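K.L.:
sequence and computational prediction follow.
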Protein chains: 2
Amino acid sequence: MNRSDGPSVKAVHTSLDVLRVVADLDGAGVSEIASRLDRSKGGVYKHVRTLTDRGYLVEDGTTYRPGLRYWTLGTDVRDRLVPEQVKSTVDDLSASIGHAVALIVYEAGIAAVVYSRVPSDTAIQPIVEGDSLPLHATAAGKAVLAYLPEDERETILDGDLAAHTNATLTDPAAVKDALETVRERRLAEDHGEYVADVEAIAAPVIGANGYPFGSIAVTSRPEELLDGNLEADASLVVSASKSLENVWAD
Amino acid sequence: MNRSDGPSVKAVHTSLDVLRVVADLDGAGVSEIASRLDRSKGGVYKHVRTLTDRGYLVEDGTTYRPGLRYWTLGTDVRDRLVPEQVKSTVDDLSASIGHAVALIVYEAGIAAVVYSRVPSDTAIQPIVEGDSLPLHATAAGKAVLAYLPEDERETILDGDLAAHTNATLTDPAAVKDALETVRERRLAEDHGEYVADVEAIAAPVIGANGYPFGSIAVTSRPEELLDGNLEADASLVVSASKSLENVWAD
DNA sequence: AAATATCGTTCGCCGACTGTGAACGACGGT
DNA sequence: ACCGTCGTTCACAGTCGGCGAACGATATTT
């Protein structure tokens, strides 16, 4: 259950397990948490009280649910990651390309949408801020994956490549082939591999040390990107990603 | 430092202290955290490793900073609190009133902005999503404060009423008077008491049990609200707050 | 209405874990 | 070459985390 084998504080792991269960169930009582974690009620109770006192959980009658603290802390994290200038770059790209644009940050195996901009005439948003995207099944994820150090990439590809649609690449070798193409063009594509009837292209944002910081992606309905002038759109995305690399001297 | 005196897990408090320091400093190393908390480096090290293994902290060279997990968890909390229908109500109010509208949720002594909508022609946003507002110095906060149970309200008013501008009410008695007026009109006002040159009106959103769930606020530049037809705008806000009470059968 | 089940909460005990302080190698500045 | 500081490791000792039993209250069942 714990990822590393280094030094650790067991009681903290327990508390984080409690938080995870409560978040997964969107609210739970002491007994339910205890049975899911296979722990005593008395022990869980102490953790729940501690987390409530600190605002990480809120007591709602007889159940506990994650507190607003996550929201305020979460926006702080996001704001530090995405300065105003970065938002402008995304806004500009969205305006000139006429499609929804999302900014993705990669961290500890997770690719999260930290900012997005949709043209006012776009009906629904396929991906929204706060989403965590599968690395192998999205353009944004593949853009990151292609530029990860080889060992880290292998670890991910050897993991579970879940199928989200019947177009999802679930074979590690197939994904590796696709990543080869991504590196050649500095551009990743997704043809309904995560959400059916949604296509996307994405370019990586690479830090000064060569490690991918994230990616910037354009999403649209099928045929709109590819049937249009893909090359022109692609070059806009790539140049936006390069300008982000300059701003993002993190 | 801990709020309650009930049962608690000390090791968890320590970890949360570590998280707090790292968040406050926007990144810190083991030694700095240890000295701020007056603890041993070795002990802090174990906590930092544990939190990193779980994704709550990320190792950035020699310093640690809060992880993206807060952002993804935070948006989950927000999305559960603010269903799509609630967003529509806020959007509609903003469109018809022509000013920025914010939705505030109150929880465990904190009033946080969970959703906001600004007209496209508005230059800057005085308050943004994720902000935590002072209860005594904002219209949104006073709307909540006025409808809290008396003992909870007293506890807050006896605390620190920090001055944010020279218009901020810092005297508990003065705030109590203002809250009396709020209850009479079901409407709170703020005349540059939190941010200079920003005025706001807000109406409370009260749950079925009588406990305030939060509030809905309209912000604008000075004179724009009050010199216009305040009464008409106020009634729009109040009716929006009542429609939220129906939707928000939490 | 009585009986039963299940809830959250309290409490004492014991073994295991947390936290300390010292020591170490690696850097970086002087 | 020296000193200061960094993150990391380790063994020890006292503390405290977690278990399990018991309690009253509430909900459900018979």
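P.N.:
Sure thing, it's come through.

K.L.:
rest of the way, CA atoms for contacts and neighbours
P.N.:
Noted.

K.L.:
list the contacts for A:Ile33?
P.N.:
Contacts for A:Ile33 (CA atoms under 8 Å, 6 or more residues apart in numbering or on different chains) come out as A:18, A:21-22, A:44.

K.L.:
now do the SS call for the residue located most distally from the centre of chain A.
P.N.:
In chain A, the residue that sits farthest from the middle, by CA atoms, centre = their mean, is A:Gly42; the gap is 35.9 Å. Judged by DSSP: H, G, I helix; E, B strand; the rest coil, the three-state class of A:Gly42 is helix.

K.L.:
show the pLDDT at the most centrally placed residue in chain A.
P.N.:
Nearest residue to the geometric centre of chain A (CA atoms, centre = their mean): A:Ala112, 2.0 Å. Looking at A:Ala112, its pLDDT is 98.

K.L.:
what sits against it?
P.N.:
Here A:Ala112 is in contact with A:104-106, A:129-133, B:68, B:72 (CA under 8 Å, 6+ apart).

K.L.:
shouldn't it be within a strand?
P.N.:
Yes: counting by three-state DSSP, one finds A:Ala112 located in a strand.

K.L.:
and the helix ranked longest in chain A, what does it pack against?
P.N.:
Assignment by DSSP state H gives helix A:230-247 as the longest helix of chain A. In terms of contacts (3 or more CA pairs under 8 Å, 6 or more residues apart in numbering or on different chains; DSSP states H and E), helix A:230-247 is packed against helix A:84-97, strand A:199-206, strand A:212-220.

K.L.:
and that helix, how far out from the chain's middle?
P.N.:
20 Å (CA atoms, centre = their mean, to the nearest Å).

K.L.:
tell me where chain A is predicted with low confidence.
P.N.:
Counting by pLDDT under 70, chain A shows low-confidence ranges at A:1-4, A:223-228, A:249-250.

K.L.:
break down it into its helices, ranges please.
P.N.:
A:10-25, A:30-37, A:41-53, A:69-81, A:84-97, A:139-145, A:150-157, A:172-185, A:230-247.

K.L.:
what residues sit buried inside the longest one?
P.N.:
Using 16 or more other CA atoms under 10 Å in any protein chain shown as the burial criterion, the residues of helix A:230-247 that qualify are A:233-234, A:236-238, A:240-242, A:244-245.

K.L.:
got a list of contacts for that helix?
P.N.:
Under the contact criterion CA under 8 Å, 6+ apart, helix A:230-247 has outside partners A:85-86, A:89-90, A:93, A:97, A:186-187, A:201-207, A:215-218, A:225.

K.L.:
can you select the buried ones among these for me in ChimeraX?
P.N.:
The buried subset of the contacts of helix A:230-247, as determined by 16+ other CA under 10 Å, is captured in ChimeraX by this line:
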select /A:86,89,90,93,97,186,187,201,202,203,204,205,206,207,215,216,217,218,225
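
K.L.:
what's the separation between A:Thr138 and DNA strand D?
P.N.:
33 Å (CA to the nearest atom of the strand, to the nearest Å).

K.L.:
stretch A:66-75 near chain B at all?
P.N.:
Yes: against chain B, stretch A:66-75 shows contacts by CA under 8 Å from any CA of the partner chain at A:66-75.

K.L.:
export the residues you listed to CSV and tack on distance to A:Ala167?
P.N.:
Formatted as CSV, those follow (distance: CA to CA, whole Å):
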residue, distance to A:Ala167
A:Pro66, 35
A:Gly67, 38
A:Leu68, 38
A:Arg69, 38
A:Tyr70, 35
A:Trp71, 34
A:Thr72, 37
A:Leu73, 37
A:Gly74, 33
A:Thr75, 34
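
K.L.:
of these, which is the nearest to A:Glu154?
P.N.:
Nearest to A:Glu154 among the residues of stretch A:66-75 next to chain B: A:Gly74, at 29.7 Å, using CA to CA.

K.L.:
list the contacts for that closest one?
P.N.:
Going by CA under 8 Å, 6+ apart, A:Gly74 touches B:68-75, B:130.

K.L.:
just A:Ala95 next, same as before
P.N.:
A:Pro119 are the contacts of A:Ala95 under CA under 8 Å, 6+ apart.

K.L.:
A:Arg49 now?
P.N.:
B:6-8.

K.L.:
contact residues of chain A facing DNA strand C?
P.N.:
Within reach of DNA strand C by CA under 7 Å from any atom of the strand, chain A has these residues: A:8-12, A:28-32, A:41-43, A:45, A:62-63.

K.L.:
report the two of those residues separated the most.
P.N.:
Every pair of the residues of chain A next to DNA strand C checked by CA to CA; the farthest is A:Ser8 and A:Thr62, at 31.4 Å.

K.L.:
and those two? Which one has more around it.
P.N.:
A:Ser8 (20 against 9; other CA atoms under 10 Å in any protein chain shown).

K.L.:
any chance of the contacts of A:Arg49 in CSV, with distance to A:Arg36 too?
P.N.:
Formatted as CSV, the contacts of A:Arg49 follow (distance: CA to CA, whole Å):
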residue, distance to A:Arg36
B:Gly6, 24
B:Pro7, 22
B:Ser8, 21
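
K.L.:
for chain B, see how far away A:Leu16 is.
P.N.:
According to CA to the nearest CA, to the nearest Å, A:Leu16 and chain B sit 8 Å apart.

K.L.:
check A:Thr138 too.
P.N.:
Distance, A:Thr138 to chain B, using CA to the nearest CA: 18 Å.

K.L.:
what is the neighbour count of that residue?
P.N.:
Neighbour number of A:Thr138 under other CA under 10 Å is 26.

K.L.:
for it, give me its contacts.
P.N.:
Counting by CA under 8 Å, 6+ apart, the residues that A:Thr138 touches are A:189-190, A:193-194, A:200.

K.L.:
domains for chain A, by residue range?
P.N.:
Domain assignment for chain A by automatic domain parsing gives A:10-67, A:73-247.

K.L.:
buried ones among the residues of chain A next to DNA strand C?
P.N.:
Among these, the ones that count as buried by 16+ other CA under 10 Å are A:8-9, A:12, A:28-32, A:45, A:63.

K.L.:
closest to A:Ala143 out of these?
P.N.:
Nearest to A:Ala143 among those is A:Ser8, at 33.5 Å by CA to CA.

K.L.:
show me the contacts for the closest one.
P.N.:
Applying CA under 8 Å, 6+ apart, the residues near A:Ser8 are B:46-47, B:49-50.

K.L.:
for the residue nearest to the centre of chain A, which non-adjacent residue is closest in space?
P.N.:
Nearest non-adjacent residue to A:Ala112, counting by CA to CA, 6 or more residues apart in numbering or on different chains: A:Ser132, 4.4 Å away.

K.L.:
for the one you found, list the residues it contacts.
P.N.:
Contact analysis of A:Ser132 by CA under 8 Å, 6+ apart lists A:110-113, B:72.

K.L.:
and for A:Asp171?
P.N.:
A:Leu161.

K.L.:
how close does it get to B:Asp5?
P.N.:
From A:Asp171 over to B:Asp5 the distance is 54 Å, taken as CA to CA, to the nearest Å.

K.L.:
output the helices and strands packed on helix A:230-247 as TSV; include the columns distance to B:Ala162.
P.N.:
Shown next, in TSV, are the helices and strands packed on helix A:230-247 (distance: least, CA to CA, whole Å):
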stretch	distance to B:Ala162
helix A:84-97	28
strand A:199-206	42
strand A:212-220	39
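
K.L.:
so which of these gets nearest A:Thr122?
P.N.:
Of all these, it is strand A:212-220 that lies closest to A:Thr122, at 9.2 Å by CA to CA.

K.L.:
ok, back up a step: from the contacts of A:Ala112, which two are the most distant?
P.N.:
A:Tyr106 and A:Glu129 (13.8 Å).

K.L.:
mind checking which of these two has more residues around it?
P.N.:
Just comparing A:Tyr106 and A:Glu129: by other CA under 10 Å the higher neighbour count belongs to A:Tyr106, 24 against 18.

K.L.:
who's the closest residue to the more buried one other than its chain neighbours bridged to?
P.N.:
Distances taken as CA to CA, 6+ apart put A:Gly214 closest to A:Tyr106, at 4.8 Å, once the chain neighbours are dropped. A:Gly214 has these beta-bridge partners by DSSP bridges: A:Val105, A:Val205.
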